[in-house]
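Enquirer: here is my input; please provide its structure:
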Amino acid sequence: MKISMNVEADGINVLALNMGKIAVEMDRVDVDELIDVVNDNGYILRIASTPGEIIVEDPLPVTARTNGIQCSTAHITDEDNALLHTLSQQYQDYGDAEWIHYTGSGYLIRLDAWAFPVLRLKRCGLSKACRKLLVTLIRRYAISTIHFDSFGDILPGFITFDW
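Expert: Now for the predicted structure:
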């Protein structure tokens, strides 16, 4: 969950907790204004029965959300481009066009369509550099979709190809 807001406070204390959580204490912050900002972003903010504990709830089920990244087609080779185009055009029953989609300027790949999508792409002939990019992004950001787009940004730290 990401929420953008500007908060004016006299002092802010941040404490690192277990499991990647943090506790934030802000002096002179209007709690009603904070609740309004969170609720305007589609979440539900409520104060729990324990004093000082605030709980944020998301009304959407986890299965209704997808996590994805858009990046440049410069991260795939020319051979990868030809392969993804071929796979995205297979319209028979249970073809690869069900999870690899041509978007006009790139390819949208639904990585959650298969249990081991990178292995399946390896068997189809996807380059090692592209597979390494996918594995890294899946592990680091838990993505379920990736959009290789010719207008996308180049991701730092990954190999690019000039084709």
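Enquirer: CA atoms for contacts and neighbours, from now on please.
Expert: Noted.
Enquirer: for the residue nearest to Ile76 when sequence neighbours are not counted, give me its contacts.
Expert: In space, and not counting its chain neighbours, Ile76 is closest to Cys130: 5.7 Å by CA to CA, 6 or more residues apart in numbering. Applying CA atoms under 8 Å, 6 or more residues apart in numbering, we find Cys130 in contact with His75, Ile76, Thr77, Asp80.
Enquirer: let's see it at 10 Å
Expert: His75, Ile76, Thr77, Asp80, Val118, Leu121, Lys122, Thr136, Phe158, Ile159, Thr160 (CA atoms under 10 Å, 6 or more residues apart in numbering).
Enquirer: closest to Ala9 among those?
Expert: Minimum distance to Ala9 across the contacts of Cys130 is 38.2 Å, recorded for Thr136 (CA to CA).
Enquirer: got the buried residues for the host helix or strand of that closest one?
Expert: Here Thr136, judged by DSSP states H and E, is contained in helix 128-141. For helix 128-141, a neighbour-count test (16 or more other CA atoms under 10 Å) marks Ala129, Cys130, Arg131, Leu133, Leu134, Leu137, Ile138 as buried.
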